[in-house]
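K.L.:
here is the input, now give the coordinates:
(chains A and B)
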Amino acid sequence: MAKQNPMSKALVRRETIAGYAFMLPSLIFFLGFVVYPMIQCVYTSFFDATMNREDIFIGLANYKELFQDKTFLGALKNTVVIVIVSVPITCIFSLWVSSVIYDLKGFACSAFRCIFYLPVVTGSVAVAVVWKWMFNNYYGIFNYIGTSTGLIEQNINWLGDERFALGCIILILLTTSVGQPIVLYVSALNNVDQSLVEAAEVDGATKFQCFWKIKWPQIMPTTLYILVITTINSFQCFALIQLLTSGGPNHSTDTIMYYIYYNAFKLYRYGYGNAMGVVLAIMIALLSALQFKMAESK
Amino acid sequence: MKTKQTKHVDVYKIISVIIIAILAFTFAFPLYWIIIGSFKTSAAINSATPQWWPEEWVLDNYRKLFSKQTAALWDISIPFTSATFSGPTVPAAIRWLINTVFMAVAAMLLTCATSAMAGYALAKKRFVGRTLLFSLIVCAMALPKQVILIPLLREMASLELYNTIWAVIFPIVGWPFGVFLMKQFAEGIPGEMMEAAKIDGAGEWKTFYTIALPLIKPGIGALAIFTFINSWNDYFMQLIMLTSTKNLTISLGIAKLQAENATDFGLIMAGAALAAIPIIIVFLIFQKYFTKGITMGAVKG
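P.N.:
Numbers count the residues shown, from 1 in each chain, chains lettered A, B, ... in the order given. As a prediction, this is how the structure comes out:
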């Protein structure tokens, strides 16, 4: 800053005071309800903490227990499955939809965008309860469609069957997670430098070449952002699990987020839950860093 | 040759649009099913053959929803005293709606006010520690906010805010996405305008209020609608912070109904419609601003 306009010490001080004065209201909330709990989360993970009792320091015992806890490892596996299945599908599906609808004339593009965003706006509870009904063993439309078209021989208890429950959760998760990527991709595709596309078309490039060689590199930052947010969202898949299966049947739909909640609210094991939170945060941070690295190398 | 190629591409496009249109219908279907279901008779709901269009429209489900539980319309307690003023007794669902609207509006106003100021400072003030603060904000945004649920819970309990609507509002306001978004908008404020104001003798606050604020208004609009919709639907925070019937939000209320009446789908759909319709209307009206909020937040990615 000294290079551009040499500022006197008094000016620097004035700017700093003004800057912090403007930051203050926001900082109180940010430090108080985001940063402080994050520090607490790491700190308490080294304690045996529960209700109405002083926390007892136990070092790394929570972490040791974590990696021997079969339920936690199962939840970890389910979470990874959800992420691995839903993130690529969400990204590819939304890119495909956006690439088709972004240059539609007039009303059509925003109508499509709006409809694909509807499940997000509807809210996780309303979405969860209606899917619960649709998946119902006796009154659900999936069983009706399945049996009347002959795809399945008899009614399936979709959410109560270990083989299908996680798949059903992922399906619902997909419908609620493509909305935002589509909005982002449509706007990114509209911002692609049109002169380059036209020049390539004059040179006889096919639509596919145009897309791959010109548009794709330009929407790369958007893709990266979408990858990061969909990964975080899939890691945090919670409401659907809590409302639809409560982690069952037989722990087949436990996720880390649900297991943290379970430890906090059913077992009151705060320290143990925090240790899980720390592990989850580290996993997400590593994955985001990896995605950035991959994007950079391209 | 050339015309043939374009024709081929158009076929691909037409087929794709048709497939997407069909998919769009399936995406909209759950919402349709909620609304239709809420008007069906219990016989129609409990039959193995679904009625795609109800043969008979009834209001029974809504009647049941509004007669299930009751709560006072409002409770205003005076701080540091035990005095509480309660409103008339109404169906609990109405109280839940009021709670939700209050929560979303308070979160929206607080977020917009604090973020506009902070974003302006981060973009336009050259103060010591600015870069550090900004990196802290970006890092915090990349972490999942749900992992801090247990520390937040204990913090709210020790602040005696647990089971009050403020326990839901404050973490939403603290979430730094708004600051990040407002910084993006505030960077567009021309420096000359601020210099001119300074030469005219305007103080810091006046410069912000008369020069910066009008220029970042579209950004504030985007942030406002974004915060409103997100806090309305932030089930997780509501679930861990609110317990007593009168303090529930509409989402929690529906979840509670579902837990208590697992198979009364008509009643649950009426609740789901009550929770979803208002927010969908808000979304449709302010769609433009909302889209802007989403895309601006991603620019720096």
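K.L.:
quick check: the residue of chain A nearest chain B.
P.N.:
Relative to chain B, the nearest point of chain A is residue A:19 (3.1 Å; CB to the nearest CB). In this view, the C-beta of every residue, glycine as well, is placed from N, C-alpha and C.
K.L.:
from memory that residue sits against residue B:121, does it?
P.N.:
Yes - between residue A:19 and residue B:121 there is a contact at 4.7 Å, judged by CB atoms under 8 Å.
K.L.:
residue numbers of the stretch 151-298 of chain A in contact with chain B?
P.N.:
Proximity of the stretch 151-298 of chain A to chain B (CB under 8 Å from any CB of the partner chain) is limited to residues A:175, A:180, A:183-184, A:187, A:206-207, A:221-222, A:224-225, A:228, A:232, A:235-236, A:238-239, A:242-243, A:257, A:260-261, A:264-265, A:270, A:273-274, A:277-278, A:280-281, A:284-285, A:288.
K.L.:
could you tell me which residues touch both of residue A:19 and residue B:121?
P.N.:
residue B:127 (CB atoms under 8 Å, 6 or more residues apart in numbering or on different chains).
K.L.:
those two: who's more crowded?
P.N.:
Higher neighbour count among residue A:19 and residue B:121: residue B:121, with 29 against 23, using other CB atoms under 10 Å in any protein chain shown.
K.L.:
got the phi/psi numbers for the residue lying closest to residue B:90 once chain neighbours are set aside?
P.N.:
Distance criterion CB to CB, 6 or more residues apart in numbering or on different chains; nearest residue to residue B:90, sequence neighbours excluded, is residue B:73 at 4.8 Å. When quoted as degrees, to the nearest 10, the phi and psi of residue B:73 stand at phi -60, psi -40.
K.L.:
quick check: residue B:73 vs residue B:249, distance?
P.N.:
With distances taken as CB to CB, to the nearest Å, residue B:73 is found 16 Å from residue B:249.
K.L.:
chain neighbours aside, what residue packs nearest to the residue of the stretch 1-150 of chain B found nearest chain A?
P.N.:
Minimum separation of the stretch 1-150 of chain B from chain A (CB to the nearest CB) falls at residue B:127, amounting to 3.1 Å. Distances taken as CB to CB, 6+ apart put residue A:19 closest to residue B:127, at 3.1 Å, once the chain neighbours are dropped.
K.L.:
same deal with residue B:105?
P.N.:
Residue B:105 sits nearest to residue B:228 (CB to CB, 6+ apart), 7.3 Å away.
K.L.:
burial measure for that neighbour, as a count.
P.N.:
24.
K.L.:
so for the helix or strand containing it, what's the average pLDDT?
P.N.:
Element membership of residue B:228, judged by DSSP states H and E, is helix B:217-232. Averaged over helix B:217-232, pLDDT sits at 90.
K.L.:
which residues touch it?
P.N.:
Under the criterion CB under 8 Å, 6+ apart, residues A:121, A:123, B:100, B:103-105, B:107-108, B:111-112, B:115-116, B:119, B:168-169, B:172, B:178, B:181-182, B:184-186, B:251, B:279, B:282-283, B:286, B:289-290, B:292-294, B:296 lie in contact with helix B:217-232.
K.L.:
count the residues that sit near residue 148.
P.N.:
You didn't say which chain, so I picked chain A. Residue A:148 has 11 neighbouring residues, counting by other CB under 10 Å.
K.L.:
wait, I meant chain B there
P.N.:
Neighbour tally, residue B:148, other CB under 10 Å: 25.
K.L.:
who's in contact with the residue lying closest to it once chain neighbours are set aside?
P.N.:
Excluding its sequence neighbours, the residue lying closest to residue B:148 (CB to CB, 6+ apart) is residue A:37, at 3.9 Å. Residues near residue A:37 by CB under 8 Å, 6+ apart: B:148, B:151, B:152, B:155.
K.L.:
what do you get if the cut-off is 6 Å, keeping everything else the same?
P.N.:
Taking CB atoms under 6 Å, 6 or more residues apart in numbering or on different chains, we find residue A:37 in contact with B:148, B:151, B:152.
K.L.:
of the residues you listed, closest to residue A:169?
P.N.:
Using CB to CB, residue B:148 is the member of these that sits closest to residue A:169, with 23.8 Å.
K.L.:
who touches that closest one in this structure?
P.N.:
Listed by CB under 6 Å, 6+ apart, the contact set of residue B:148 reads A:37, A:38, A:41.
K.L.:
can we see that at 7 Å?
P.N.:
Listed by CB atoms under 7 Å, 6 or more residues apart in numbering or on different chains, the contact set of residue B:148 reads A:37, A:38, A:41, A:277.
K.L.:
of the residues you listed, which is the most crowded?
P.N.:
residue A:277 (29 neighbours).
K.L.:
name the nearest residue to that one, ignoring sequence neighbours.
P.N.:
residue B:147 (3.5 Å).
K.L.:
the one you found - how many residues pack around it?
P.N.:
Residue B:147: 26 surrounding residues under other CB under 10 Å.
K.L.:
now residue A:173. Its backbone dihedrals?
P.N.:
phi -60, psi -40.
K.L.:
surely it and residue A:86 touch.
P.N.:
Yes - judged on CB atoms under 7 Å, residue A:173 makes contact with residue A:86 at a distance of 5.5 Å.
K.L.:
which neighbours do the two share?
P.N.:
Taking CB under 7 Å, 6+ apart as the criterion, residue A:173 and residue A:86 both touch residue A:234.
K.L.:
before we move on, back to that, just the buried residues of the residues of the stretch 151-298 of chain A next to chain B.
P.N.:
The neighbour count (16 or more other CB atoms under 10 Å in any protein chain shown) marks A:175, A:180, A:183-184, A:187, A:207, A:222, A:224-225, A:228, A:232, A:235-236, A:238-239, A:242-243, A:257, A:260-261, A:264, A:270, A:273-274, A:277-278, A:280-281, A:284, A:288 as buried among those.
K.L.:
now, the contacts of residue B:148 that are in strands?
P.N.:
Judged by DSSP state E, strands contain none of those.
K.L.:
and of these, the nearest to residue A:202?
P.N.:
Nearest to residue A:202 among the contacts of residue B:148, counting by CB to CB, is residue A:38 at 53.7 Å.
K.L.:
the residue lying closest to that closest one once chain neighbours are set aside and residue A:20, how far apart?
P.N.:
Among residues not flanking residue A:38 along the chain, residue B:148 sits closest, at 5.6 Å (CB to CB, 6+ apart). Distance from residue B:148 to residue A:20, counting by CB to CB: 25 Å.
K.L.:
for residue B:71, phi and psi?
P.N.:
phi -150, psi 160.
K.L.:
actually, residue B:85.
P.N.:
Here is the backbone geometry of residue B:85 (degrees, to the nearest 10): phi -100, psi 120.
K.L.:
which stretches of the stretch 201-301 of chain B form helices?
P.N.:
Counting by DSSP state H, counting those that start in this stretch, the stretch 201-301 of chain B has these helices, from start to end: B:204-207, B:213-215, B:217-232, B:235-241, B:250-260, B:265-285, B:287-298.
K.L.:
hmm, I typed the wrong one, I wanted the stretch 151-298 of chain A.
P.N.:
A:165-177, A:179-190, A:194-202, A:207-209, A:216-218, A:220-235, A:239-244, A:256-265, A:270-297.
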